[in-house]
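Novice: Compute the structure for the input listed below.
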Amino acid sequence: MRVTFILGEIASGLRRNVSMVVSVILVTFVSLTFVGAAGMLQLQITQMKGYWYDRVQVAIFLCGEGSTAPGCVSGPVTGEQQAALADLLESPAVAQYVNDYHYETREEAYEHFKEQFANSPIVDSVTPDQLPSSFRINLKDPEKYQIISETFSSQPGVETVVDQRQLLERLFSVMNGASLVAIVIAGIMIVCAILLIATTIRLSAFSRRRETAIMRLVGASKIMIQLPFVLEGVIAAAVGAVLASATLWGVSQFFLGDVLAKQYPDTAFISPSQTLVLAPLLIALGILLAGVSSIVTLRRYLKV
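Specialist: Below you'll find the model as predicted:
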């Protein structure tokens, strides 16, 4: 009986305040979309860092078929050249700057490539023989990269020496900046959503003040009177959160996966399934914002 009554009150409140409810849905949708966009950027950054930062500091790429670098005039790197490079890495002049290093074969490079670009169509067009073998070095001091570069760039069998951390940090700094902007905008929109939810609940309570007075007279509990108002805001915010989650999934599926992944096949984008991880968080955040805002408003404007 109580459940039926509460559901009836919720339906009545939603019908009476259709325009305000739609406004709550839209502003919650926009604000949580920005929150989700910031989350997507962080997922993208984490995915890239998880591969590159854990595995690569400085890469000494060795000569392969078709290499035109000065150190590759004699063709692909030989076993003797590779051994000489390893000896040089372990020599006192270089070892003092090296924390550790490992040799990555073409097959290992291919496995890492498939892991990093699992969501990119380029993965099907690359074979192990197209990827160079390399020495991957972790420096004690990343700022000493230039010493390693000068030491190895002119060595026989070396195609190029790359400090991939510096290259990636530029990209990550831009992405972190964009994520920060999204968070700031999301914060502003969340404040707007809270104020709009509070206004909606206040108007709804005012329009039903006579019904509320009657319920008080017949002995209805405080929870019984306030619950329909709270659930109205929660339902509207939850719908907005679901729309935001669906939008983020659509962006990941159709924009990142079908458009950007084809235009930039050398970049690994997050998958739609990774984006869905954000959905429960967005829905919970929307419900929390609406619930807290409604309860605070009712305590002030609906005296029971």
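
Novice: can you give me the helices for the stretch 151-300 of the chain?
Specialist: In the stretch 151-300 of the chain, the segments counted as helices under DSSP state H, counting those that start in this stretch are 164-207, 209-217, 222-250, 261-263, 272-275, 278-301.

Novice: Next, format these as a markdown table and append distance to K114.
Specialist: C-betas here are computed from N, CA, C, even on glycine. Conversion of the helices of the stretch 151-300 of the chain to a markdown table gives the following (distance: least, Cβ to Cβ, whole Å):
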| stretch | distance to K114 |
| --- | --- |
| helix 164-207 | 18 |
| helix 209-217 | 63 |
| helix 222-250 | 24 |
| helix 261-263 | 15 |
| helix 272-275 | 17 |
| helix 278-301 | 26 |
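
Novice: Tell me which of those helices sits nearest to K144.
Specialist: In terms of Cβ to Cβ, the element of those nearest to K144 is helix 164-207, at 12.2 Å.

Novice: Could you check the angle that closest one makes with helix 222-250?
Specialist: Computed by axes from the mean of the first three to the mean of the last three Cα atoms, to 10 degrees, the angle separating helix 164-207 from helix 222-250 equals 140 degrees.

Novice: sorry, back to before: most tightly packed of the helices of the stretch 151-300 of the chain?
Specialist: Per residue and on average, the most neighbours among these fall to helix 222-250, with a mean of 21 (mean count of other Cβ atoms under 10 Å).

Novice: Work out the gap between that helix and the centre of the chain.
Specialist: Its chain's average C-alpha position is 24 Å from that of helix 222-250, according to Cα atoms, centre = their mean, to the nearest Å.

Novice: relative to helix 278-301, how tilted is that helix?
Specialist: For the pair helix 222-250 and helix 278-301, the angle between their directions (the same axes, to 10 degrees) equals 150 degrees.

Novice: so where do the strands sit in the stretch 1-150 of the chain?
Specialist: Remark: strands of the stretch 1-150 of the chain, listed N- to C-terminal, are 58-62, 98-104, 134-139; assignment by DSSP state E, counting those that start in this stretch.

Novice: Can you say which of the ones you listed is nearest to F269?
Specialist: For the strands of the stretch 1-150 of the chain, distance to F269 was read as Cβ to Cβ. The smallest value, 22.6 Å, belongs to strand 58-62.
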